[in-house]
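Colleague: Make a model of this:
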Amino acid sequence: MNVRKKFREIMAGNRLVLMPGAYDGMSARIMEAEGYEAICAGGNAAIGSMLAQPDMGQSNMRDYADHYGRICAAVEIPVYVDADTGFGGVNNVRQMVRAFEAAGVAAVFLSDQVFPNRCGYLPGKQVIPVEQMLAKIKAALDARRDPDLFIVARTDAAGVDGLSAAIERSQLFMAAGADMAKPMGVDAIEDIKRVIREVDGPHMATLSQAAGLKRRSLEELEAAGVVAATFPSLALFAAAHAVRNVLRILKRENSLTATFDHLLPLEDYYELVGLKDMLAREESYDTAAAALARKRAAE
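Modeller: Now for the predicted structure:
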């Protein structure tokens, strides 16, 4: 089963699937190695890792396509990615879908924010007229070459105009043909239950470090009917914490030895990056080439 069909299978399921957020190829590879069925790659993690800045819409479609392409190439599991506002109007949305599809993503979500898009948990958001978003959804659907590419329409209206406005927009997004409508910032369990009742299609929860320390029970989400939960910034925050910690140890102790217990063992690293397979592949090609040369010389 290819990654897009697999993602659709996950979203059609009735159990909660956890999707941590990758910020680069290495973090994606670790997630796959730890047995996760699918992962996400969001804008906040991308901007944090690429630019060391908060996500306020300062990157562009081509940078994202390259970034997501590296993440997708590192794993064999579905990758669900952030497309911001589509990076412009309907023609920009069309280019985005084609580029992200070529990068290998399994699913993409498109926001109804005013450009430039910013992290959904940051203040100052505005949303475009709903008619403009409906046009972008239609453009995205028409642009995909693979009908299994999962297209999500996200609204940030809850943080601007309230939950009812977000639900109304989500209903229109589904009527326009989106595979899923995602009201962003709907975090309270009772609000999530209302969305599930009133909006067709699957529901995905977002548990982001950018939202602050909100403690929610995954069992409670699953019982409510949530089929997937993303953790878009978890790995980025964990990596930043670990790197800062080991550098502080190095500086404080003035000793490399003091850092050893905080590092991934060399053997584990080589297994993670596939060194053994690469060396075996190299040897097989060299052996085959040598055999071909000997056969040619003997003729």
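Colleague: Okay, domains of this structure per the record?
Modeller: The chain breaks down into these domains under automatic domain parsing: 3-232, 264-299.
Colleague: quick one, strands of the stretch 51-200 of the chain?
Modeller: Using DSSP state E, counting those that start in this stretch, the strands of the stretch 51-200 of the chain run over residues 79-82, 107-111, 150-155, 180-183.
Colleague: burial measure for residue 191, as a count.
Modeller: By the measure other C-beta atoms under 10 Å, the count of residues near residue 191 is 16. For glycine as for every other residue, the C-beta is placed from the backbone atoms N, C-alpha and C.
Colleague: Tell me which residues touch it, please.
Modeller: Shown in contact with residue 191 (C-beta atoms under 8 Å, 6 or more residues apart in numbering): residue 163.
Colleague: Out of the strands of the stretch 51-200 of the chain, the one nearest residue 258 is which?
Modeller: strand 79-82 (36.8 Å; C-beta to C-beta).
Colleague: Looking at the domains of the chain, which one is packed in the most?
Modeller: With neighbours defined as mean count of other C-beta atoms under 10 Å, those peak in mean count at domain 3-232, which reaches a mean of 19.
Colleague: Helices along the chain, start to end?
Modeller: 3-11, 25-33, 43-51, 61-74, 90-103, 130-143, 158-161, 163-175, 189-198, 218-224, 234-253, 266-273, 275-298 (DSSP state H).
Colleague: Mean pLDDT lowest where, among those?
Modeller: The weakest mean pLDDT among the helices of the chain belongs to helix 158-161, with a mean of 88.
Colleague: show me what contacts the residue nearest to residue 245 when sequence neighbours are not counted?
Modeller: Closest residue to residue 245 apart from its sequence neighbours, by C-beta to C-beta, 6 or more residues apart in numbering: residue 262 at 6.6 Å. Counting by C-beta under 8 Å, 6+ apart, residue 262 touches 242, 245, 246, 249.
Colleague: Was I right to think residue 37 contacts residue 13?
Modeller: No. Residue 37 is not in contact with residue 13 according to C-beta atoms under 8 Å; the separation is 9.9 Å.
Colleague: would you turn the contacts of residue 262 into CSV with distance to residue 271 and neighbour count?
Modeller: What follows is the contacts of residue 262, written out as CSV (distance: C-beta to C-beta, whole Å; neighbours: other C-beta atoms under 10 Å):
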residue, distance to residue 271, neighbour count
242, 19, 13
245, 24, 12
246, 21, 16
249, 25, 17
